[in-house]
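K.L.:
with the input below, show me the fold.
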Amino acid sequence: MMVYLLNVFLLCNLCVAQFSDIYQPVSFQTAKLGDPVTIECQINSVMRKRLWYKLTIGRRLQCVAKIDTFYNLTTFGDQYNQFNHRYTVAFDTIKNDLSISATTWEDIGTYYCGVLHLNSIEFGPGTFLMLKGPKMNSDSVVQQPVSKSVQPGDSVTLNCSVHTGNCAGEYTSVFWLKNSHNSGPEMIYTPGNKSDNCEKTETGSQQTSCVYNLPKKNLNSADAGTYYCVVASCGEILFGNGTELNIKRNSTLNSPLDLSPTVVVLALSNIVLGMATLLLVWALCKSQSKGPTEETDGSSESNQISDAVHYAAVNLAPRSSSSRPAKMKYSGDAVLYSEVRYRQQD
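P.N.:
Numbering: from 1, shown residues only. So this is what the prediction gives:
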């Protein structure tokens, strides 16, 4: 019983550990420039203070809004005071959605929904908002290859060609955005100076073409996803068509490595429970076998007694055949068996 209760306790702890209090269903969201957009968030928490933060493409963390569900009050951050007429937050006991009435280029970034605890802030996985508009020319940013499949442990280099037109390459900044089903959006900034990541090629049409590379080494399953090249050039923000990176795994070799900790713990707990059940059955069988054994021993002993030969001893006393006593010598140890009975067990 104790092992069973321990198993249930472990399962309950696993369920609680896997339960997420903050859930953002969309990790990569696109909208047209100037259109309204709503970034969804669901919160299951007793904490009344909620937050919205934004990570800009320049890697700046900005507070968008603070919400107090008890007083039904929403306060916007300093950077968004001039835009607060475009931002609204609709919330209830679970919902905590951020809406933008008319999107601009400044709205591009990763939005994190959070809960304010006593001494910490808990954030959701995040939602990256990408805008498409007339300034975004699909031919300006070209990614190669469109799709790439590699083995775990291999290396690959993703390429991004940027045509900046009359704008010089020095005024162009590039970073990579990774989106996958297993995790939230991730911004990747290549190290080094711009000159280290850009190869300039002058063309006859007075355009500057730069090639940016993203090297990836020792790949594993966590590197799988779609990588977008994001370019900020001459006041514009351009996105590439994306490169999908697939990691092919050998199911025979990697199946033990793919087991999640939850599956391992559940398997171990079931093994322990099975062993405890076997021990309990063995103990019960042993306790029940003691009664019949004693009865069997008693019956066998009685059978041995019943099978014993019974002897009737008769002592001989001296007798005289006449009145004249005769002298006889006899031994006290002499015994005459007058009857022998043998009792055979039925």
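
K.L.:
do a quick rundown of the helices in the chain.
P.N.:
2-18, 194-197, 251-254, 261-306 (DSSP state H).

K.L.:
could you tell me the least trusted of the ones you listed?
P.N.:
Of all those, the minimum mean pLDDT falls on helix 2-18 (a mean of 41).

K.L.:
what's the burial count for residue 130?
P.N.:
Burial of residue 130 is recorded as 19 neighbouring residues (other Cβ atoms under 10 Å). Every C-beta, even on glycine, is put in place using the N, C-alpha and C of the backbone.

K.L.:
residues contacting it?
P.N.:
By Cβ atoms under 8 Å, 6 or more residues apart in numbering, the contact set of residue 130 is 28, 29, 30, 31, 108, 228, 239.

K.L.:
highest neighbour count among the residues you listed?
P.N.:
Busiest of the contacts of residue 130 [other Cβ under 10 Å] is residue 228, holding 23 neighbours.

K.L.:
what's the nearest residue to it if we skip its chain neighbours?
P.N.:
Among residues not flanking residue 228 along the chain, residue 177 sits closest, at 4.4 Å (Cβ to Cβ, 6 or more residues apart in numbering).

K.L.:
can you give me the strands for the stretch 51-200 of the chain?
P.N.:
Along the stretch 51-200 of the chain, counting by DSSP state E, counting those that start in this stretch, strands occupy 61-68, 73-76, 87-91, 96-100, 109-116, 121-123, 127-132, 141-144, 147-150, 156-163, 172-179, 186-188.

K.L.:
packing partners of the first one?
P.N.:
So the one you mean is strand 61-68. Here strand 61-68 is seen to pack against strand 49-55, strand 73-76, strand 87-91, strand 96-100 when contacts are counted using 3 or more Cβ pairs under 8 Å, 6 or more residues apart in numbering; DSSP states H and E.

K.L.:
quick one: closest of these to residue 125.
P.N.:
strand 49-55 (12.4 Å; Cβ to Cβ).

K.L.:
state the mean pLDDT of that closest one.
P.N.:
On average, the pLDDT along strand 49-55 is 94.

K.L.:
so what touches that strand?
P.N.:
41, 43, 61-69, 89, 91, 96, 98, 109-116, 121, 123, 126, 187.

K.L.:
now which of those would you call buried?
P.N.:
Taking 16 or more other Cβ atoms under 10 Å as the criterion, what is buried in those is 41, 43, 63-67, 69, 89, 91, 96, 98, 109-116, 126, 187.

K.L.:
now do the domain split for this structure, please.
P.N.:
For the chain, automatic domain parsing gives the domain ranges 21-134, 135-251.

K.L.:
low-scoring pLDDT stretches of this structure, where are they?
P.N.:
The model of the chain has pLDDT under 70 over residues 1-20, 81-84, 133-139, 164-172, 190-208, 233-235, 249-260, 290-346.
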